[in-house]
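Engineer: My questions concern the predicted model and sequence given below.
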Amino acid sequence: MAFENLSDRLSQTLKNIAGQGKLSESNMQDMIREVRFALIEADVHPEVVSSFISNIQEKALGQQVLSALNPSEMVVKIVNDELIEILGETQEDLRLISSPAVVMMVGLQGSGKTTSSAKIAKYLESQKDRKVLLVAADMQRLAAVDQLKILGEQVDVEVFSLAAGTPQEVARQGLAYGRDHGFDTVLVDTAGRLHIDEELMEQLEDIERIVKPDEILLTVDAMVGQDIVNVALGFKQRLQLTGLVVTKYDGDARGGGILSVRSVADVPVKFVGTGEKMDELELFHPDRVASRILGMGDILTLIEQAQQKMDLEAAEKSTERMLSGQFTLEDMLLQLDQVSRMGPLSGLMKMLPGGKDLMQSAKMDDEQSRQQMNKTKAIIRSMTLEERSKPNIIRASRKHRIANGAGVSTTEVNRLLSQYEKMKDQMRLLSRFMR
């Protein structure tokens, strides 16, 4: 999880403050020192650490906080606001104005630029209703063009390429093709290098002059840590960078580079890649990220993911039945299928306030929870439709048949039926409250 180490350290520090009967200048100084250590351990840029601590110190040691009725809550708000400030304050989406609008993708080799290009193309088509053309202008890396073609097929986006020619010529012809064939967005995938060099920068400057992009997005690997800032500064000296795409976002437990880059390089993070699948791309919301870092969850992102991945019509019908007091094992199976689409349980729990602590205290394991969910679904699927709608008819002989069909014991069938009855009672109670 991104920022996991920082989140653990800050959450514990703020819990310690909340446990103090009364806040004094002494224990506030202790808190500020712990926050400084947490930021340094997270590999945050020294300039950012200094500014962050200075602002926290000024606000947290003010008389307004020390004399407040609930000073610990005010301290949490101060830290939260400062995190949002350094992360960028507001979420910045793409500004696509030209016709066609052009997005130019740049980055070092191995940063995930080509994959990110396909992900953004999918996002623009599915979320923004754009007609996107991918242009394969990376003529440097072997198989880069073929890779983009394969990814283009996966996301159902057309790819323009040339068998031979310079990257500049590919970009020029790709833009012309997009304009002539009714595409409103042209996304140009350019070449990368193992390091920033003059040849690469001159090539990118040429392409920038040719396509006049609305957006130039730099792809960076979260795992390089503080070097994100150096790479962003290097590209910004030569190109009009408008944003960053951070890949392997969930693989960097420290997150110092992401925390630093907006303040030091003045380049906002616009997208983060959270996995290898084409839909594992998120808009970067500074306020939501700050909330996650402080262990307060991220309900809004969870809701958005549910809207994208769940069968909302089926879920709505099931919810109506449940709230009317009708809750069958078929509804339970549907709910389990819907939750499975949302990804690993740990990822969902971390978006709920206090969910991470609950995972740790319950010693929940993604693999164990997945196996248990699959087992539960197998038991329900071993039942007839009549048994799913009328579980009260399931007696000993039926339980044996169901257990054999699911490859489990009758004890596990009994446990599921008991869970179902408890859920049904809760739904019945909830339906009364909703009247």
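Structural biologist: Great, that's in hand. Residues are numbered from 1 along each chain as shown.
Engineer: got any ranges where the chain has weak pLDDT?
Structural biologist: Scanning the chain for pLDDT under 70 picks out 1-2, 18-23, 62-73, 252-254, 295-319, 321-325, 338-339, 342-366, 426-435.
Engineer: Now the most centrally placed residue in it. Nearest residue, chain neighbours left out?
Structural biologist: Of all residues in the chain, the one closest to the mean position by Cα atoms, centre = their mean is E282, 4.6 Å from it. Nearest residue to E282, sequence neighbours excluded (Cβ to Cβ, 6 or more residues apart in numbering): V272, at 5.3 Å. Using the backbone N, CA and C atoms, a C-beta is placed for each residue, glycine as well.
Engineer: related to what we said a few turns ago, report the next helix or strand after the helix or strand hosting the residue nearest to the centre of the chain in sequence order.
Structural biologist: For E282, the host element (DSSP states H and E) is strand 281-283. Following strand 281-283 in sequence order, the next helix or strand is helix 286-293 (DSSP H and E).
Engineer: How far away from the center of its chain is that next one?
Structural biologist: 11 Å (Cα atoms, centre = their mean, to the nearest Å).
Engineer: elements contacting it?
Structural biologist: Counting contacts by 3 or more Cβ pairs under 8 Å, 6 or more residues apart in numbering; DSSP states H and E, helix 286-293 packs against helix 4-18, helix 71-87.
Engineer: how big is the angle separating the shortest one from helix 286-293?
Structural biologist: Our comparison of helix 4-18 with helix 286-293, counting by axes from the mean of the first three to the mean of the last three Cα atoms, to 10 degrees, yields an angle of 70 degrees.
Engineer: Ok, the last one next?
Structural biologist: For the pair helix 71-87 and helix 286-293, the angle between their directions (the same axes, to 10 degrees) equals 130 degrees.
Engineer: helices and strands around helix 71-87, which ones?
Structural biologist: Using 3+ Cβ pairs under 8 Å, 6+ apart, helix 71-87 sits against helix 4-18, helix 25-41, helix 46-60, helix 63-66, helix 256-265, helix 286-293.
Engineer: Please identify the deepest-packed of the ones you listed.
Structural biologist: Greatest average neighbour count among the helices and strands packed on helix 71-87 goes to helix 256-265 (a mean of 24), per mean count of other Cβ atoms under 10 Å.
Engineer: Can you show me the CA trace of that one as PDB?
Structural biologist: The C-alpha atoms that make up helix 256-265 are tabulated as PDB, following Å, rounded to 0.1, in the frame of the first residue of the first chain:
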ATOM      1  CA  GLY A 256       8.200  10.300  -0.100                       C
ATOM      2  CA  GLY A 257       8.700  11.100  -3.800                       C
ATOM      3  CA  ILE A 258       4.900  11.500  -4.400                       C
ATOM      4  CA  LEU A 259       4.600  13.700  -1.300                       C
ATOM      5  CA  SER A 260       7.500  15.900  -2.500                       C
ATOM      6  CA  VAL A 261       7.100  16.300  -6.200                       C
ATOM      7  CA  ARG A 262       4.300  18.900  -6.300                       C
ATOM      8  CA  SER A 263       6.000  21.200  -3.800                       C
ATOM      9  CA  VAL A 264       9.500  20.900  -5.300                       C
ATOM     10  CA  ALA A 265       8.900  20.500  -9.000                       C
END
